[in-house]
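Novice: pasting the sequence and the predicted model now:
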Amino acid sequence: MRFPLAATSAILAVVLALAQVQSRGFQFPNFTISDQSELILSDNSSIALGAIQVTPDVRGASMENRAGRTLYRRPFRLWSKEGKKANFNTTFVLNVQNMTASSGEGLAFILTADPHVPGGSDGQWLGIVNSRLNGTTDAKTVAIEFDTRKSFPEDLDDNHIGLDINSVYSKRSVSLNDRGIYISAAKDIKVVVQYDSKNLVVFVGDDMKNPVLSEPLDLSAYLPEKVYVGFSGSTSNNTQLNCVKSWQFNISEVKDSKSRTVWILVAVGSVLILLISIGIGIAFFLYRKRGYEGNRVENTHPNIEEAILGFSTAPKKFKFQELSKATGKFNPKNKLGKGGFGTVYKGILGKKEVAVKRVSKKSTQGKQEFIAEVTTIGHIHHRNLVKLIGWCHEKREYLLVYEYLPNGSLDKYIFWDEKSGTQEETLSWGKRLSVISGVAQALDYLHNGCMNRVLHRDIKASNVMLDLDFTAKLGDFGLARTIIHNEQTHHSTKELAGTPGYMAPESILTGRATAETDVYAFGVLVLEVACGRKPGGQAERDDYICNIVNGLWELYRRGTILEGADPRLNGIFIEEEMECVLILGLACCHPNPKNRPSMKTVLQVLTGEAPPPEVPAERPAFTWPPMPPSFNEWDNSLVGGQLSPFSGLSGR
């Protein structure tokens, strides 16, 4: 079979172009001692209290006049002599707390040729440069400073960010006072930095539409080909805690020019193999066409392995034989539960207990849900999310391997099992509060902590798993979707996705999933946990004939909302806490999506930092579209986007 020369050349050109860049990255949703092997920590830096302490923490030696650096251990290639330049984006959360009456000095995100802290870079120098290096090309450092002290006449004020190039005298600085963001206020501050090889853009806080700083910049003019990325900070006689609580970094890295010849040889060989394979494939297709019509539906599905293995951080791939052996050939005795998309079995891999989800062959959306689950939860990590260990696609089987959570799902502990007439031990109010808080933290992370927002779309009690200490972990990401672009704020679907009773009224009407529809489902979950009743209502009282939301709202109207508390608690709870949680649940279930609190607000209420939202005595009627504002203006803090069921996801 012959192929046009132009087609061959085009394929070769594509392969060669791809050979020039390589996607790399990492993510730390929090920091533990085990992460030290991935980082370069200077003498004054450490990992403590779940964060990077760029300068000494309160438990260390003297905090005064210290400079520190924490960098990712492996350098990245920013540019090549052939003119190729890398793009990168990073998201991190800072928390700076004054330890003296006046602010310390501050900290910075840096790209630098030298991983070592310059001597004498404490105090006003922020660990970036010292008096000798300041303003010289020898510094080879570009930084985004978060300055909390007016140390130089050149400083704008004591609460600004600045772009520093080989100097602590910022090329450009912007005060954060006008935005109501105060660096040293001991509050978490989310920062997003984006670089497209021509421009540097910095977002601070929740506003992802209006950058704090945007500057034309060619890093290759100031930095060598390979640089380290990380953080520096300093203190003077005035001190502060300079913490980095989470960090994610992704880069389309330029490949080493020395390996170009090897890549060309590999590319040419790959093209030849590709052409031969195409020929064989076409011949086989023509030969089998008449007898293979029955499998056309199967062949229309995307290539599972290509969709998953296209992600550099894909979880481990297991063989079917391994998982079959681990579960005793999927012995019914090892069955943990069954859902809409398959059955879950307990298994042993090595000496570790795992939960193996076997996707049902009868599920019409099994493959789509399988890919969505692997490419979504497989890339993110949070203590309140069920950890995906691996996957298997073999012999038309679709298997997912999760961490094993011995206490099973939440629904067993808050609902009466009508079939068996039994219930697991009744959870105390303290444990129920912990469960609600854990799910809220997981959902806030999915909505606001990831580089790309994740909509779970199926939050319910049976999808919340409990560890030995009853730590709540949100699972089952088969319906999850990831926002990957900047034009939309929702996901549209041809079929209703979710579970009746947990679905917001607007999602039933429009087929759209948004952050607000997740909040609605979370509100129903909150009411379930507090009341011990399913969302459809178990008519134990006439107040609950319709559903749990309507019933609780009626009690709230009467001023007797505490009557909705689970009677199995026997009144053993703090009434103020119970009332706050019930009102919070109603606020999340407001018929108008614009009136629902964000997950960030929910967490503030649960931690006592904010009162519960105001809720009208009468449950408002659902109207569409919500006025004001229009649907397209929902949640201005949303990092908007088009959703892809198979898109990659990076966690913070």
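Specialist: Good, I have the coordinates.
Novice: report the buried residues of the lengthiest strand in the chain.
Specialist: Longest strand of the chain, by residue count under DSSP state E: strand 240-254. Across strand 240-254, burial judged by 16 or more other C-beta atoms under 10 Å covers 240-254. No exception for glycine: its C-beta is placed from N, CA and C like everyone else's.
Novice: and of those, the nearest to Trp429?
Specialist: Lys245 (29.2 Å; C-beta to C-beta).
Novice: coming back round to it: now for the longest strand of the chain, which elements pack on it?
Specialist: strand 21-28, strand 51-53, strand 67-72, strand 76-77, strand 87-98, strand 106-112, strand 226-234 (3 or more C-beta pairs under 8 Å, 6 or more residues apart in numbering; DSSP states H and E).
Novice: of all these, which one is nearest Ser42?
Specialist: Using C-beta to C-beta, the helices and strands packed on strand 240-254 put strand 67-72 closest to Ser42, at 4.6 Å.
Novice: quick one, helices of the stretch 451-600 of the chain?
Specialist: Using DSSP state H, counting those that start in this stretch, the helices of the stretch 451-600 of the chain run over 505-510, 515-531, 548-558, 575-588, 599-606.
Novice: I'd guess Pro153 is in a strand, am I close?
Specialist: No: judged by DSSP: H, G, I helix; E, B strand; the rest coil, Pro153 forms no part of a strand; its state is coil.
Novice: ok, it - how many residues close by?
Specialist: With neighbours defined by other C-beta atoms under 10 Å, the count for Pro153 comes to 6.
Novice: what's the spacing between it and Gln240?
Specialist: Noted for Pro153: a distance of 22 Å to Gln240, by C-beta to C-beta, to the nearest Å.
Novice: how about Ala565?
Specialist: 43 Å.
Novice: re earlier: quick one: which of the helices and strands packed on strand 240-254 is nearest His456?
Specialist: strand 21-28 (18.9 Å).
Novice: so for the closest one, mean pLDDT?
Specialist: For strand 21-28, the mean per-residue pLDDT is 76.
Novice: same question, stretch 436-455
Specialist: The model assigns stretch 436-455 a mean pLDDT of 88.
Novice: next: stretch 345-364.
Specialist: 84.
Novice: how many residues are close by the closest residue to Phe470 other than its chain neighbours?
Specialist: Nearest non-adjacent residue to Phe470, counting by C-beta to C-beta, 6 or more residues apart in numbering: Lys431, 5.0 Å away. Using other C-beta under 10 Å, Lys431 has 18 other residues around it.
Novice: doesn't Ala472 make contact with Lys431?
Specialist: No: if you go by C-beta atoms under 8 Å, Lys431 and Ala472 don't touch, sitting 9.3 Å apart.
Novice: pull the CA atoms of stretch 371-391 into PDB?
Specialist: The C-alpha trace of stretch 371-391 is given here as PDB (Å, rounded to 0.1, in the frame of the first residue of the first chain):
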ATOM      1  CA  ILE A 371     -12.500   7.100  32.100                       C
ATOM      2  CA  ALA A 372     -14.000  10.000  34.000                       C
ATOM      3  CA  GLU A 373     -13.200   8.400  37.400                       C
ATOM      4  CA  VAL A 374      -9.600   7.500  36.600                       C
ATOM      5  CA  THR A 375      -8.700  10.800  34.900                       C
ATOM      6  CA  THR A 376     -10.400  12.900  37.600                       C
ATOM      7  CA  ILE A 377      -9.700  11.400  41.000                       C
ATOM      8  CA  GLY A 378      -6.500   9.800  39.800                       C
ATOM      9  CA  HIS A 379      -4.800  13.200  39.600                       C
ATOM     10  CA  ILE A 380      -5.900  14.700  42.900                       C
ATOM     11  CA  HIS A 381      -5.100  14.000  46.500                       C
ATOM     12  CA  HIS A 382      -6.900  15.200  49.600                       C
ATOM     13  CA  ARG A 383      -7.400  13.700  53.100                       C
ATOM     14  CA  ASN A 384     -11.200  13.800  52.600                       C
ATOM     15  CA  LEU A 385     -11.200  12.200  49.100                       C
ATOM     16  CA  VAL A 386     -11.100   8.400  48.600                       C
ATOM     17  CA  LYS A 387      -7.700   7.600  47.200                       C
ATOM     18  CA  LEU A 388      -7.600   5.800  43.800                       C
ATOM     19  CA  ILE A 389      -4.600   3.400  43.800                       C
ATOM     20  CA  GLY A 390      -4.900   2.000  40.300                       C
ATOM     21  CA  TRP A 391      -7.000   0.600  37.400                       C
END
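Novice: distance from that stretch to the middle of the chain?
Specialist: The chain centroid and the centroid of stretch 371-391 are separated by 10 Å, computed with C-alpha atoms, centre = their mean, to the nearest Å.
Novice: pLDDT of that stretch, averaged?
Specialist: Mean per-residue pLDDT for stretch 371-391: 81.
Novice: equivalent analysis for stretch 140-154, please.
Specialist: The pLDDT scores in stretch 140-154 average 92.
Novice: how far does that stretch stretch from start to finish?
Specialist: End-to-end distance of stretch 140-154 (C-alpha to C-alpha, to the nearest Å): 21 Å.
Novice: same deal with stretch 438-456?
Specialist: For stretch 438-456, the first-to-last residue distance is 15 Å (C-alpha to C-alpha).
Novice: got phi/psi on the residue minimising distance to the centre of the chain?
Specialist: Centroid-nearest residue in the chain: Cys450, 3.0 Å away (criterion: C-alpha atoms, centre = their mean). Main-chain dihedrals, Cys450, degrees, to the nearest 10: phi -90, psi 160.
Novice: how about low-confidence regions in the stretch 501-650 of the chain?
Specialist: 537-546, 625-650 (pLDDT under 70).
Novice: how is the protein divided into domains?
Specialist: Domains of the chain are assigned by automatic domain parsing as 1-20+255-293, 22-254, 304-403, 411-644.
Novice: need the residues that contact whichever strand or helix holds the residue nearest to Phe470.
Specialist: Lys431 belongs to helix 429-444 when assigned by DSSP states H and E. Here helix 429-444 makes contact (C-beta atoms under 8 Å, 6 or more residues apart in numbering) with 382-385, 410, 414, 427, 456, 459, 464, 466, 470-474, 518-519, 522, 525-526, 529-530, 569, 572-574, 577-578, 581, 599-600, 602-603, 606-607.
Novice: for stretch 37-46, same thing?
Specialist: The contact list for stretch 37-46 (C-beta under 8 Å, 6+ apart) reads 26, 28, 47, 52-57, 60, 66-73, 115-117, 228, 230.
Novice: now do that stretch: distance to the chain's middle.
Specialist: In this view, stretch 37-46 has its centroid 25 Å away from the chain centroid, taken as C-alpha atoms, centre = their mean.
Novice: endpoint to endpoint, it covers what distance?
Specialist: From its first residue to its last, stretch 37-46 covers 12 Å (C-alpha to C-alpha).
Novice: over to stretch 337-354?
Specialist: Terminal residues of stretch 337-354 lie 14 Å apart, using C-alpha to C-alpha.
Novice: show me which positions of it end up buried.
Specialist: Buried residues in stretch 337-354, counting neighbours by 16+ other C-beta under 10 Å, are found at Gly339, Phe341, Gly342, Thr343, Val344, Tyr345, Lys346, Gly347, Leu349, Val354.
Novice: where along the stretch 101-250 of the chain do the helices fall?
Specialist: With DSSP H, counting those that start in this stretch, there are no helices along the stretch 101-250 of the chain.
Novice: confidence score at the residue lying closest to Gln27 once chain neighbours are set aside?
Specialist: Nearest residue to Gln27, sequence neighbours excluded (C-beta to C-beta, 6+ apart): Gln248, at 4.3 Å. pLDDT recorded at Gln248 is 94.
Novice: what do you get for the one 10 residues further on?
Specialist: Predicted confidence (pLDDT) for Lys258: 54.
Novice: circling back to that earlier point, wait, the residue nearest to Gln27 sits on Met451?
Specialist: Yes: counting by C-beta under 8 Å, Met451 is a contact partner of Gln248 at 5.9 Å.
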